[in-house]
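S.K.: with the input below, show me the fold.
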Amino acid sequence: MASSQDSNGLTLTVLGSGTMGIAIMGGVMSSLASARTASTLSPSTTPADTPNLSNFIACDAWAGAEPKVRAALGHYNFPLTTFTNANLQGVQKADIVLLSCKPHIFKDILGEDGMREALRGKVLVSILAGVTQEQIEEFLYPNGEGKGDDACRVVRVMPNTASFVRESMSVIQTSTPPLKPEQHKLVEFIFSSIGRVVTLPPALMDISTALCGSGPAFFALVLEAAADAGVAMGLPRAEAQIMAAQTMRGTTGLVLEGGEHPAILRDKVSTPGGCTIGGLLALEEGGVRGAFSRAVREATCVASQLGQGVKNVNGTRH
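M.R.: So this is what the prediction gives:
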């Protein structure tokens with residue numbers, strides 16, 4: 001199912017239009033729509049780095065993905081095309097390609113006849129957990145075969161599940177050689193549209209996967225524990241969950257927006273002889289700080305081995 005395209009604008013093609021792919025496209029469309037509105041109201045306030053991105057293509061192997069994509073994104077006033085089992089066609093029309101399929105099937109997609117040629121001169125952004133930039137490049141260009149000056153540039157990015165509410169923490173891996181300035185700005189814009197962005201070297205991608213990718217599950221456990229404590233002390237479940245979640249959100253706001261160091265923030269709340277310091281000491285006695293730190297470090301070690309293709313990593317670690 002196709003729609004007309006803006007021939008003057010850039011095209012983003014998403015391979016694997018699952019929930020994460022839809023979330024990223026939705027964030028980009030929303031950011032572009034906001035910039036368009038700002039430009040109409042006051043041209044002087046429009047950000048200069050807003051890319052000329054105006055066409056979107058979603059490709060999937062499941063026919064049911066097409067109506068799902070249109071239901072989620074159809075209300076945005078941007079040309080949107082959906083394809084089923086037509087990845088090559090989607091890539092041929094693209095300027096930048098987002099690979100968001102299941103990690104184990106990326107070779108099936110990138111191995112299609114004509115795919116390497118269709119990717120020439122383009123940027124291929126991968127958000128596949130455990131799949132390195134080198135693995136993708138080696139698959140596309142085994143032993144450097146066919147990798148000339150016009151080879152596609154592979155960029156690895158690690159977003160997280162908060163993309164769905166545009167609160168992701170996305171880590172962009174630095175490229176060697178560096179991307180062209182306009183390419184880097186485009187990648188940064190896409191992921192800034194769903195939250196915050198940092199750029200880090202390849203050696204830090206495993207810890208980034210653990211802290212940002214696995215982090216929501218770790219913080220959700222803390223959130224659940226806080227809500228459970230409220231229920232144990234008499235709060236209704238729904239209110240306890242809202243109170244715990246909003247308190248966590250407010251705390252992160254003080255750090256991100258107010259620039260507070262967590263230790264200073266903690267000290268400000270801890271009055272002498274008060275309930276806060278009593279609770280903090282109970283957490284310290286329970287080893288919460290060490291256990292949480294260990295969880296992130298353990299997830300980092302597991303992530304590093306998963307990227308090498310090791311199976312059942314958790315079952316082999318002690």
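
S.K.: list the buried residues in the host helix or strand of residue 23.
M.R.: Using DSSP states H and E, residue 23 sits in helix 19-41. Buried positions in helix 19-41, judged by neighbour count with 16 or more other Cβ atoms under 10 Å: 20-29, 31-32, 35. Backbone N, C-alpha and C define where each C-beta goes, glycine included.

S.K.: name the residues that touch that helix?
M.R.: The list of residues contacting helix 19-41 from outside it, by Cβ atoms under 8 Å, 6 or more residues apart in numbering, reads 12, 14-15, 17, 45-47, 50, 53-54, 56, 58, 68-69, 72-73, 76-78, 98, 100, 127, 159, 161, 163-164, 166, 189-195.

S.K.: switch to 6 Å and redo it
M.R.: 14, 45-46, 50, 56, 72-73, 76, 78, 100, 163-164, 166, 190, 193-194 (Cβ atoms under 6 Å, 6 or more residues apart in numbering).

S.K.: quick one: average confidence on that helix?
M.R.: Helix 19-41 shows a mean pLDDT of 92.

S.K.: immediately after it, which helix or strand?
M.R.: Helix 19-41 is succeeded, C-terminally, by strand 53-60 (DSSP H and E).

S.K.: so which elements touch that next one?
M.R.: Secondary-structure packing of strand 53-60 (3 or more Cβ pairs under 6 Å, 6 or more residues apart in numbering; DSSP states H and E): strand 10-15, strand 80-84, helix 87-92.

S.K.: the strands in this protein, which residues?
M.R.: With strands called from DSSP state E, the chain shows them at 10-15, 53-60, 80-84, 96-99, 123-126, 153-158, 168-173, 195-200.

S.K.: dump the ones you listed to a markdown table, plus distance to residue 111, mean pLDDT and mean neighbour count.
M.R.: Output for these, formatted as a markdown table (distance: least, Cβ to Cβ, whole Å; pLDDT from 0 to 100; neighbours: other Cβ atoms under 10 Å):
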| stretch | distance to residue 111 | mean pLDDT | mean neighbour count |
| --- | --- | --- | --- |
| strand 10-15 | 12 | 98 | 24 |
| strand 53-60 | 15 | 97 | 25 |
| strand 80-84 | 18 | 97 | 21 |
| strand 96-99 | 13 | 98 | 25 |
| strand 123-126 | 14 | 98 | 24 |
| strand 153-158 | 15 | 98 | 23 |
| strand 168-173 | 23 | 98 | 24 |
| strand 195-200 | 29 | 98 | 15 |
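
S.K.: any chance of the buried residues of helix 19-41 in TSV with distance to residue 300 as columns?
M.R.: Shown next, in TSV, are the buried residues of helix 19-41 (distance: Cβ to Cβ, whole Å):
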residue	distance to residue 300
20	22
21	26
22	29
23	25
24	25
25	30
26	30
27	27
28	30
29	34
31	31
32	35
35	37
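
S.K.: and these, which is closest to residue 293?
M.R.: residue 20 (27.7 Å; Cβ to Cβ).

S.K.: how far away is the closest one from residue 159?
M.R.: Going from residue 20 to residue 159 by Cβ to Cβ, to the nearest Å gives 7 Å.

S.K.: what's the answer for residue 267, then?
M.R.: Per Cβ to Cβ, residue 267 is found 33 Å from residue 159.

S.K.: now, among the buried residues of helix 19-41, which is nearest to residue 86?
M.R.: Among those, and counting by Cβ to Cβ, the member closest to residue 86 is residue 21, at 15.4 Å.

S.K.: hang on, the earlier thing: pick the one among the buried residues of helix 19-41 closest to residue 183.
M.R.: Residue 183 has its nearest neighbour among those in residue 28, at 15.6 Å by Cβ to Cβ.

S.K.: how much space between that closest one and residue 88?
M.R.: Applying Cβ to Cβ, the value for residue 28 to residue 88 is 23 Å.

S.K.: ok, which pair from the buried residues of helix 19-41 is furthest apart?
M.R.: 20 and 35 (22.9 Å).

S.K.: show me this protein divided up by domain.
M.R.: The chain breaks down by the TED database into domains covering 10-200, 208-304.

S.K.: and for the nearest residue to residue 61 once chain neighbours are set aside, the neighbour number?
M.R.: Distances taken as Cβ to Cβ, 6 or more residues apart in numbering put residue 85 closest to residue 61, at 5.7 Å, once the chain neighbours are dropped. By the criterion of other Cβ atoms under 10 Å, residue 85 has 11 neighbours.
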